[in-house]
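Student: Generate coordinates for the sequence data below:
(one chain, ligands or ions: 2)
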Amino acid sequence: MKTITIALTKGRLEQSALTLFSAAGIDCSFMADKKRKLIFLSPDGKYRFLLVKAADVVTYVKHGVADIGVVGKDVLLEHPYGYYEMLDLKIGKCRFCVASTIDYDPTDYKRKIIATKYPTIASQHFQAKGEDVELIKIEGSVEIAPVLGLADAIVDIVETGTTLVENGLKIYEEICPISGRLIVNKASLKRNKTSILALIKQLEVEIQRRLKR
Ligand SMILES: Nc1ncnc2c1ncn2[C@@H]1O[C@H](COP(=O)(O)OP(=O)(O)OP(=O)(O)O)[C@@H](O)[C@H]1O
Ligand SMILES: O=P(O)(O)OC[C@H]1O[C@H](OP(=O)(O)OP(=O)(O)O)[C@H](O)[C@@H]1O
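Tutor: Ligands and ions are numbered 1, 2, ... in the order given. Here you go, the predicted model:
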């Protein structure tokens with residue numbers, strides 16, 4: 001039996017992913033009390049979990065170090081090739097939006113400046129609308145960019161909307177919903193088809209069960 005390596009996104013998606021895997025019958029209790037450890041082998045040797053940053057999940061899966069990855073659709077939209085996207089896990093739900101201060105005019109004809117952590121998604125969105133914009137890449141706290149006059153608007157993730165409200169911004173457009181996805185290395189799927197598809201089936205059953213609740 002080959003050990004299946006699963007790269008999990010550290011942080012916001014981590015706990016909900018582990019809860020989902022556990023509920024689907026994949027015992028993850030060996031990862032409790034993890035302290036600063038980043039690689040975990042299950043006692044039965046069936047699974048190995050890696051805890052890595054979101055974009056690195058894609059890198060580990062693409063290079064075949066991980067057979068499977070759990071990562072947000074936001075990250076996949078920024079890094080769209082080199083793996084199979086197999087399942088919507090319906091965890092970590094949020095959405096991409098265009099937001100700005102109350103005086104922003106989205107119909108204004110001037111060339112807008114858009115601040116974002118997600119340049120690919122932002123440029124695709126405005127290109128699809130036939131709007132030529134200037135993008136400024138920001139690494140975090142994106143909401144302050146229009147407040148401080150760096151940009152006219154932002155493209156960012158909205159979950160509860162609290163960060164927008166607390167910084168005096170509002171949503172002008174919803175771009176797309178986001179949730180955690182399961183991705184698979186292309187060669188791994190050929191090599192370990194039976195065990196990977198069995199794992200996906202287990203997760204699917206639990207996701208369906210949750211939808212019916
Ligand atoms: N409020 C939210 N803000 C950002 N991501 C969210 C939110 N809610 C759910 N998510 C999902 O959780 C994933 C992980 O987010 P998290 O903030 O932990 O990592 P990150 O985006 O790499 O941020 P950082 O660079 O701050 O570590 C995101 O890629 C997204 O799919
Ligand atoms: O709608 P909300 O529930 O308020 O969540 C959305 C906020 O959370 C994320 O930021 P994060 O906390 O990851 O910090 P960052 O801005 O430094 O990326 C995201 O970029 C928004 O700023």
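Student: Going by C-alpha atoms from here, please, whenever you check contacts or count neighbours.
Tutor: Noted.
Student: List the contacts of Leu38.
Tutor: Phe49, Leu50, Leu51, Val52 (Cα atoms under 8 Å, 6 or more residues apart in numbering).
Student: Does the last one touch Leu13 like I think?
Tutor: Put plainly, it is Val52. No. Judged on Cα atoms under 8 Å, Val52 makes no contact with Leu13 at a distance of 11.1 Å.
Student: chain center to the one helix or strand Pro146 maps to, what's the gap?
Tutor: Using DSSP states H and E, Pro146 falls within helix 144-147. Its chain's C-alpha centre and that of helix 144-147 lie 24 Å apart, by Cα atoms, centre = their mean, to the nearest Å.
Student: now do stretch 101-114
Tutor: In terms of Cα atoms, centre = their mean, the centre of stretch 101-114 is found 28 Å from the chain centre.
Student: Please point out which parts of that stretch sit buried.
Tutor: Thr101, Lys112, Ile113, Ile114 (16 or more other Cα atoms under 10 Å).
Student: Show me the chain divided up by domain.
Tutor: Following the TED database, one gets these domains for the chain: 4-93+178-212, 94-177.
Student: What mean pLDDT does the first one get?
Tutor: If I follow you right, that is domain 4-93+178-212. Averaged across domain 4-93+178-212, pLDDT comes to 96.
Student: Close to ligand 1: what parts of this structure are there?
Tutor: Residues of the chain lying near ligand 1 by Cα under 6 Å from any ligand atom: 11-13, 53-54, 72-75, 92-94, 157-159, 179-180.
Student: 8 Å - rerun?
Tutor: Residues of the chain found near ligand 1 (Cα under 8 Å from any ligand atom) are 9-14, 53-55, 71-75, 91-94, 139-140, 157-160, 178-180.
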